[in-house]
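# predicted coordinates and the sequence they were generated for:
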Amino acid sequence: MSNRTTDDPVDLEELFDTDVDHEPTPRRVQLKRSFDLYVAAPARVAIHDWRALVGMLIVGAFLLVGTVGVWLVEQPISGDAPILVQPFQDLSYILGTDTLGRPIGAQLIHATPGMLKMIFAGAVVSIGLAALVGVLSGFMRGNIVDTVLMAVTDVIITIPGLPLVIVLIAIFQPESPYVVGVLLGLDNWPGLARTVRSQVLSIREDSYVEASQIMGLPTSTILRRDIIGQLMPYITVNSALASRRIIFESVGLYFLGILPFTSFNWGVLMNLAYQGGALTDPQLLHWLVFPMLTIILMAFGLVLLSQGMDSVFNVRLRARHATTTGDEATGEE
Amino acid sequence: MSTNYATKRVGQAVFTFFVTVSLSFFLYQAMPGGPVEALKNMILSQQSTSAGTVDLERINRLVNLYTNLEPDAPLYVQYFQYWASLLFEQDLGRSIYQNEDVTALIFQRVPWSMFISVYALVIGYAGSIFIGALMAFKEKSRFDSVSSVLMIVLNSIPYYIVGVVLILFVAIRWGWFPYGGRAASSLTPGFSPEYLWSIAYHAALPVFSMSILGLGGALTMRGNSVRVLGEDYLRVAELRGLRSSRIATQYVGRNAILPMYTQFMIGIAGVLSSSVIVEQIFSYPGVGLLLYQAIQVRDYPLLMGGLIIFTTVTIVGILVADLTYGFIDPRISAGGDDA
Amino acid sequence: MSGDARRSVGAAPDAADAPNDRRDTVFEVRGLDVAFEMSRGRSRVVRDADIDIYREETLGIVGESGSGKSMLASSLLNAVVEPGVTTGDVTYYPPDGGDPVSVLDLSESELNRFRWEEVAMVFQGAMSSFNPVTKVRTHFRETLQDHERNIPAGMDRARDLLESLYLDPDRVLDSYPHELSGGMKQRALIALSLILEPEVLVMDEPTAALDLLMQRSIVSLLRELQAEYDLTLVFITHDLPLLTKLADRITVMYAFNMIETGSTDEILYNASHPYTRALLAATPDLNVAVDEMHAIEGSKPDPVESIRGCSYHPRCPLADDDCRSEEPSMFTVESGHEVACYHYEQAAEAIPLRGDANSGRGGGTDE
């Protein structure tokens, strides 16, 4: 096993396939196995793909800033510092300050926790709904539950998300980042739900699921072991993409002033700079540019992560069909 | 078989429309204090003459005028009346702020939004199909890896930031393209070449920044092409000694682009959605900007109308795409008559 | 390898091979190697293969999956998938004494002509061998068009072919691939492979995805077609029992090497390589495919790490120091029956077939 990791970074494979004993396994062994399957092996796999690695580093850095960073950097207050310090002039305000003398860097840092909460809530809602609806309707294929769920999914796919979200925001005026995240997540799940459903359908047709059914394994076991296992790739990849979308939309809505003004927010920063005339006044430009770069960096990390995970999981899928020759190109099997 | 498919799709479209309108009705009800309370203050602030006097009947009448809701009637009656005025009078209510019919206000703007959205989508997809196919054919080359990174970077930049950067450099610093408005105000509207040119000129930046949304498709196209290149039928086509031009178009091209058609359909909804943000940034007077202004003043009837119109346009777009999909992918209408 | 000392099946004009030499050769394969460069080294999936294929015969190539048999088949059309590298000589002799063609040296456009006009190939992905978005008719038409054939005449031939495969020509031609069943698709693909009247048809596991009944009926159809169209058939499979019903000669591959070649009867009754014997012994009634038997102990070989000596020695009960140090060359058992084993004379004794002979062979051989 150990030497396989060098050329074939996917010994998850082994775990998937050797896991067909239906003797009850001790809890501890199961836990260890789950840990290997869902944590250790993907982590080991991920460091073989530079995109996943860089993506994780970036996202990890934001997590760190959002948790530890806010303790280290003082919350900026008006008049803290000289007004409109240009970036890279003063070490205490590397990114410069705004028209009220608040350091841009500190504002960006203190906006991060809110952003993370929003992303978390939105990703949980959209991925959770997608997985629930997709798995349920995939399993109930053809009966009324499936029909209803898919009809609902089709309707929501069609309704343009942003206008709906805007109406909801106009009515409810959400302040809490969690609520904003949930609202933004609401229109984000149908596409993934369809993907999940078709995955469930194709997995169901896979012979080994059929075999497990014939072996008399309860549906719940099949669901847990085969379906969830195979859906993990989609869920991981799409969580990252959903997060990116929530950042884009929320920052956009804060930028335009559609979401209610909050104290520290990347979009609000952009809004203030934009309204202040940052486009025409070069003295203000850094006020607009650094929030934009922050958003792009975060999105870049998330996209890299999703791409990296995608290719990592794809390697695994291909490995499933690889042969003893160790090269899928040989076309044997 | 084929008609069955069409019926199903049309039924789905009608159902979606029904859900959207019902949704807007219930959103009115969900407003804090219900529609009456929520609108009362707003209406009062607009009606300078009746300031101070709280005449419930008058307020109710106004609420009815603006929202097509009859506040006194039971909920189901309100619901039917809401539908009736929508279906029989094409009445979506009245804008509180501009005091004009919502339908009229929106329909003046719809063509402009459609214009930039559709062009953005088409340009974005055409670009991504081209780049993606090229990347797949040169898989693992330097071009492929450089483009992949470039696409990831492009995917990480929100379209409105692209818009802001374009305005900053292309419009303000370099002055290559105008921004704000849909045509030069000095020209008289009409089918004169100058006017049409001016329209295209003004639409260029919004279209470009929105087309970034479609460019994400390049990686999908690349993935699809790589997958098709590994398909058995491609190998057999090569073994059959077919011309490479035929293999590139009929085999790889068709099979790789097909799955993107669905994406394209859903893309209509996404691009229309984004017009709210893009039109505001470029001060482009389409439906998006109208809705943006409606949000600023909490003009609920206009907002609801905008939601319904946006959804309807999307429903029709997707329906058309759905019905034509059967022509290009035989697998979709399982009957197999290719009429 | 001891290239010179080796005698290849039907190759060297030796006294013993005289009967073979008089036969009309359509393919002559010499020193064929197929290799893939991989991150952990060079993966040689076909090693120094020598074989002749005779006109209008049916040659069966049998081996476990991953033994290199598919690669061998692909190299007959110079169609080993990228980034595989094929070296050696593959010479094709056209009918009626045309100039021999060195297949591996053909240019892109020459190759496009050669493929399907001289040699067609049906491989295991029959279920997905058709372009899903065009009708079956289009497949025939575009093939004729790109090979500059007369289309009306070609389509008439297509109908005849489909009919001789017991298909309704109009229905099949007007269908999209997804509208046909697996067996129908397989037969339509065989018809498509014969549309340009090739000399040789290479079939790589053509029946793997079909049920047993369909497999047997395809096999009998193939025999009819072969007689009708004077075809040379190369049939690759892991299904030894199936092969015994179809092939005139059988070549056994193990670990990327050809280890034994002989007439079907010779292989069945006089198998001389320990691996071939193990295969036969493990086949209870010759109705079970090789992959379903698990009786051969030991793990499968790795294409990257070359084993010193005979590739089968780690699993062979007869292995001795010779086997471990030097790879055996081909030994002639009978005329036309060759085996790569030092101990071919002892193999029969050392590895008896089930119940020796009676029950084991009976079922499979008398068709």
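Nice, thanks for sending it over. Please read all numbers here as calculations on a predicted model, not as lab measurements.

# phi, psi for the residue nearest to C:T138 when sequence neighbours are not counted please.
The shortest distance from C:T138 to any non-neighbouring residue, by Cβ to Cβ, 6 or more residues apart in numbering or on different chains, is to C:N131 (7.6 Å). From N, CA and C alone the C-beta is placed, and that goes for glycine too. C:N131 has phi and psi values of phi -60, psi 120 when expressed as degrees, to the nearest 10.

# isn't C:N131 up against B:Y233?
Yes. C:N131 is in contact with B:Y233 according to Cβ atoms under 8 Å; the separation is 5.1 Å.

# common neighbours of those two, please.
B:Y251 (Cβ atoms under 8 Å, 6 or more residues apart in numbering or on different chains).

# and those two? Which one has more around it.
Neighbour count, other Cβ atoms under 10 Å in any protein chain shown: between C:N131 and B:Y233, C:N131 has more, with 24 against 21.

# show the pLDDT at the residue nearest to C:T138.
Looking at C:N131, its pLDDT is 90.

# contacting residues around it?
Counted by Cβ under 8 Å, 6+ apart, C:N131 has contacts B:233, B:237, B:250-251, B:254-255, C:138-139, C:177.

# C:I53: which of the residues you listed is nearest?
For these, the closest approach to C:I53 (Cβ to Cβ) belongs to B:A237, at 25.1 Å.

# what's the burial count for the closest one?
B:A237 has 25 nearby residues by other Cβ under 10 Å.

# now do it, the pLDDT please.
Value for B:A237, per-residue pLDDT: 92.

# try the one 4 residues further on
Here the pLDDT value assigned to B:G241 is 90.

# isn't it right next to C:D146, touching?
Yes. Applying Cβ under 8 Å, one finds B:G241 in contact with C:D146, separated by 6.6 Å.

# shared neighbours, the two?
C:N112.

# residues touching the residue in the stretch 201-339 of chain B that chain C sits nearest to, list them.
Nearest residue of the stretch 201-339 of chain B to chain C: B:D232, at 3.1 Å (Cβ to the nearest Cβ). Applying Cβ under 8 Å, 6+ apart, we find B:D232 in contact with C:123, C:125, C:127-129.

# neighbour-wise, give me the winner out of those residues.
Most crowded among the contacts of B:D232, counting by other Cβ under 10 Å, is C:S129 at 26 neighbours.

# check whether stretch C:151-160 contacts chain B.
No. Residues of stretch C:151-160 contacting chain B under Cβ under 8 Å from any Cβ of the partner chain: none, with a closest distance of 13.1 Å.

# do you know how far C:T232 is from C:M203?
The gap separating C:T232 from C:M203 is 11 Å, by Cβ to Cβ, to the nearest Å.

# among those two, which residue is more densely surrounded?
Higher neighbour count among C:T232 and C:M203: C:M203, with 26 against 22, using other Cβ under 10 Å.

# what's the helix or strand for that one?
strand C:200-204 (DSSP states H and E).

# distance to A:I171 and secondary structure for the contacts of C:N131 - can I get that in TSV?
Output for these, formatted as TSV (distance: Cβ to Cβ, whole Å; DSSP: H, G, I helix; E, B strand; the rest coil):
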residue	distance to A:I171	secondary structure
B:Y233	52	helix
B:A237	56	helix
B:Q250	52	helix
B:Y251	51	helix
B:R254	46	helix
B:N255	45	helix
C:T138	55	helix
C:H139	58	helix
C:P177	52	helix
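
# any stretches of chain A with poor pLDDT?
A:1-28, A:30, A:33-48, A:91, A:204-229, A:313-333 (pLDDT under 70).

# touching chain C at all, stretch B:205-224?
No. Stretch B:205-224 does not reach chain C (Cβ under 8 Å from any Cβ); its nearest approach is 13.2 Å.

# start to end distance for that stretch?
One end of stretch B:205-224 sits 30 Å from the other (Cα to Cα, to the nearest Å).

# off-centre distance for it?
15 Å (Cα atoms, centre = their mean, to the nearest Å).

# try stretch B:151-160
19 Å.

# and it, what's buried?
Within stretch B:151-160, the residues scored as buried using 16 or more other Cβ atoms under 10 Å in any protein chain shown are B:151-152, B:154-160.

# in helices only, show me these.
Per DSSP state H, helices hold the following members of those: B:151-152, B:154-155, B:159-160.

# so which of these reach chain A?
Okay, of those touching chain A (Cβ under 8 Å from any Cβ), that's B:152, B:155, B:160.

# quick check, nearest of those residues to chain C?
B:I152 (24.4 Å).

# mind listing what residue 63 touches?
Picking chain A for this. Contacts of A:L63 (Cβ under 8 Å, 6+ apart): A:L116.

# can you look at chain C instead?
Counting by Cβ under 8 Å, 6+ apart, C:G63 has contacts C:69, C:238, C:252-254, C:290.

# any idea of the pLDDT on it?
87.

# only alpha carbons, please: show whatever helix or strand C:G262 lives in as PDB.
Using DSSP H and E, C:G262 maps to strand C:257-263. Provided in PDB are the C-alpha atoms of strand C:257-263 (Å, rounded to 0.1, in the frame of the first residue of the first chain):
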ATOM      1  CA  ASN C 257       4.800 -12.400 -24.400                       C
ATOM      2  CA  MET C 258       3.500 -15.000 -26.800                       C
ATOM      3  CA  ILE C 259       4.200 -18.300 -25.100                       C
ATOM      4  CA  GLU C 260       2.500 -20.900 -27.200                       C
ATOM      5  CA  THR C 261       1.000 -21.100 -30.700                       C
ATOM      6  CA  GLY C 262      -0.500 -24.100 -32.400                       C
ATOM      7  CA  SER C 263      -3.600 -25.400 -34.100                       C
END
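
# C-terminal to that strand, what's the next element?
helix C:264-269.

# could you look up the next helix or strand downstream of that following helix?
Following helix C:264-269 in sequence, per DSSP H and E, is helix C:274-282.

# which helices and strands does that following helix pack with?
Helix C:274-282 sits against strand C:249-254, strand C:257-263, helix C:344-350, with contacts defined as 3 or more Cβ pairs under 8 Å, 6 or more residues apart in numbering or on different chains; DSSP states H and E.

# the ones you listed: lowest mean pLDDT?
helix C:344-350 (a mean of 83).

# for the residue nearest the centre of chain A, what are its contacts?
Central residue of chain A (Cα atoms, centre = their mean): A:A240, 2.2 Å from the mean position. A:A240 makes contacts with A:55, A:302-303, A:305-306, A:309, as judged by Cβ under 8 Å, 6+ apart.

# apply 10 Å and report the result again.
A:55, A:59, A:123, A:299, A:301-310 (Cβ atoms under 10 Å, 6 or more residues apart in numbering or on different chains).

# now do B:F25
So B:F25 contacts B:35, B:67-69, B:75, B:78-79, B:82-83, B:86, B:304 (Cβ under 10 Å, 6+ apart).

# one more time with 7 Å
Counting by Cβ atoms under 7 Å, 6 or more residues apart in numbering or on different chains, B:F25 makes contact with B:79, B:82.

# in which helix or strand would I find it?
With DSSP H and E as the criterion, B:F25 is inside helix B:2-30.

# report the buried residues of that helix.
Within helix B:2-30, judged by 16+ other Cβ under 10 Å, the buried ones are B:2, B:5, B:9, B:12-13, B:16-17, B:19-21, B:23-25, B:27-28.

# report the separation between A:L164 and B:L27.
Distance from A:L164 to B:L27, by Cβ to Cβ: 9 Å.

# quick one: the strands in the stretch 1-150 of chain A, in order.
Applying DSSP state E, counting those that start in this stretch to the stretch 1-150 of chain A gives no strands.

# in the stretch 201-350 of chain C, which residue sits closest to chain B?
C:V202 (9.4 Å).

# residues contacting that residue?
C:V202 sits next to C:73, C:76-77, C:119, C:121, C:234 when contact means Cβ under 7 Å, 6+ apart.
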